[in-house]
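Participant: Structure for this input, please:
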Amino acid sequence: MSLSYSDTKSKTEGGTPLPPPSIEEEEIDYEALPSTAPLTHQLIAGAFAGIMEHSVLFPIDAIKTRVQSSAASKVYPSSNILAQISRISTMEGSLSLWKGVQSVILGAGPAHAVYFATYEWTKEKLIGQDNLQTIQPLKTAASGAVATIMADALMNPFDTIKQRIQLKTDSSVWQISKNILKNEGFSGFYVSYPTTLTMNIPFAAFNFMVYDTTSKLLNPSNTYNPFIHCISGGLSGALGAAITTPLDCIKTVLQVRGSETVSMDIMKKADTFGKAASAIYQVYGWKGFWRGLSPRTISFIPATAISWTSYEMAKHFLIKE
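Facilitator: Down below sits the predicted model:
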């Protein structure tokens, strides 16, 4: 988004044209980074947002993976997520729920850099530079969908490795990667990619649409407001996460089926979307598609709030720079 004068018409005083306003006096449209800003600024802002989002709430994501997988016996009986974290940390070690975070950090930085940069570029192309202040839910949703297709191509292998480490906490990123390549081939890293897109395209579309609409309604002046960014991000994440939980359950089955901790034969053979969905229904019934709803929704509220607040903060300081 380029810097622009608050009034594009030439102003005069006593018939003498006034000099152009200084950089400090120019009005900066906060909706996106200036078009004069290098692509690296958008990539840095996106990478910062992704790493913050995934790393801060990693333990809750680990519990969600355990609940959704067939290795649910590793989740200790409790309806309280905080009690689950405390019990697992006591029984398995204080760092057990952080196993696999390295994979997320390695993948989240580049993936989210591409995610937000693609979103900003697509949105500007679809909506137009002069209309970014208007509420355009469908075009914003389409921009989010394009962004997640690009980002998930980078993130899916790291997410697969992460979930297997969350079930087999004594393994490393390197060990899990070698096992996948040896036993399943390179395609093992992408067996859940179609399902991931099936889940993440509606989630991203919903996330960007709700966030963009809510933030513009609550913050019509479009100024940097961390509180509004946080509230809008949390709301968009919670709604999107709840709606896409059944697809996330199927994705988890596909990603962990090759893990040594999965003992059910029907789960091991679930190598397609249909087989995974059928396996969940046969083992758990319809309720199986909502396993992990609470930790998933609870984790996405602060996760998307952190992601959007971090992204907007990075954008704010990059614009000032």
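Participant: Name the secondary structure element that contains D248.
Facilitator: Using DSSP states H and E, D248 sits within helix 245-256.
Participant: Does anything pack onto that helix? Which helices or strands?
Facilitator: Judged by 3 or more C-beta pairs under 8 Å, 6 or more residues apart in numbering; DSSP states H and E, helix 245-256 is in contact with helix 58-68, helix 137-167, helix 193-218, helix 273-284, helix 293-320. In this view, the C-beta of every residue, glycine as well, is placed from N, C-alpha and C.
Participant: mind putting those helices in TSV, mean neighbour count included?
Facilitator: Formatted as TSV, the helices and strands packed on helix 245-256 follow (neighbours: other C-beta atoms under 10 Å):
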stretch	mean neighbour count
helix 58-68	24
helix 137-167	23
helix 193-218	21
helix 273-284	17
helix 293-320	21
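Participant: would you turn the ones you listed into JSON lines with distance to I243 and mean pLDDT?
Facilitator: Formatted as JSON lines, these follow (distance: least, C-beta to C-beta, whole Å; pLDDT from 0 to 100):
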{"stretch": "helix 58-68", "distance to I243": "16", "mean pLDDT": "77"}
{"stretch": "helix 137-167", "distance to I243": "13", "mean pLDDT": "90"}
{"stretch": "helix 193-218", "distance to I243": "7", "mean pLDDT": "90"}
{"stretch": "helix 273-284", "distance to I243": "17", "mean pLDDT": "92"}
{"stretch": "helix 293-320", "distance to I243": "10", "mean pLDDT": "83"}
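Participant: Quick one: residues in contact with the helix holding D248.
Facilitator: Here helix 245-256 makes contact (C-beta atoms under 8 Å, 6 or more residues apart in numbering) with 65, 68-71, 159-160, 163-164, 167, 191-192, 195-196, 198-199, 262, 267, 270-271, 273, 276-277, 279-280, 288-293, 296-297.
Participant: Tell me which helix or strand comes right after that helix.
Facilitator: Per DSSP H and E, the helix or strand that comes after helix 245-256 is helix 265-268.
Participant: ok, D152 to I161 distance?
Facilitator: 14 Å (C-beta to C-beta, to the nearest Å).
Participant: got any ranges where the stretch 1-150 of the chain has weak pLDDT?
Facilitator: 1-39, 41-42, 54, 69-80 (pLDDT under 70).
Participant: just the strands in it please.
Facilitator: Ranges of strands in the stretch 1-150 of the chain, per DSSP state E, counting those that start in this stretch, are 12-13, 16-17.
Participant: ok so, going back, now the helices and strands packed on helix 245-256 in TSV, with distance to L95?
Facilitator: Formatted as TSV, the helices and strands packed on helix 245-256 follow (distance: least, C-beta to C-beta, whole Å):
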stretch	distance to L95
helix 58-68	10
helix 137-167	12
helix 193-218	27
helix 273-284	30
helix 293-320	19
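Participant: Which one of the ones you listed lies nearest to A45?
Facilitator: Distance to A45, taken as C-beta to C-beta, is lowest for helix 293-320 among the helices and strands packed on helix 245-256, at 3.7 Å.
Participant: What is the closest one packed up against?
Facilitator: Applying 3+ C-beta pairs under 8 Å, 6+ apart, we find helix 293-320 packed against helix 39-56, helix 58-68, helix 81-92, helix 193-218, helix 226-243, helix 245-256.
Participant: angle of that helix against helix 193-218?
Facilitator: 60 degrees (axes from the mean of the first three to the mean of the last three C-alpha atoms, to 10 degrees).
Participant: Quick one: work out the angle between helix 293-320 and helix 81-92.
Facilitator: Going by the same axes, to 10 degrees, helix 293-320 makes 100 degrees with helix 81-92.
Participant: chain center to helix 293-320: distance?
Facilitator: 9 Å (C-alpha atoms, centre = their mean, to the nearest Å).
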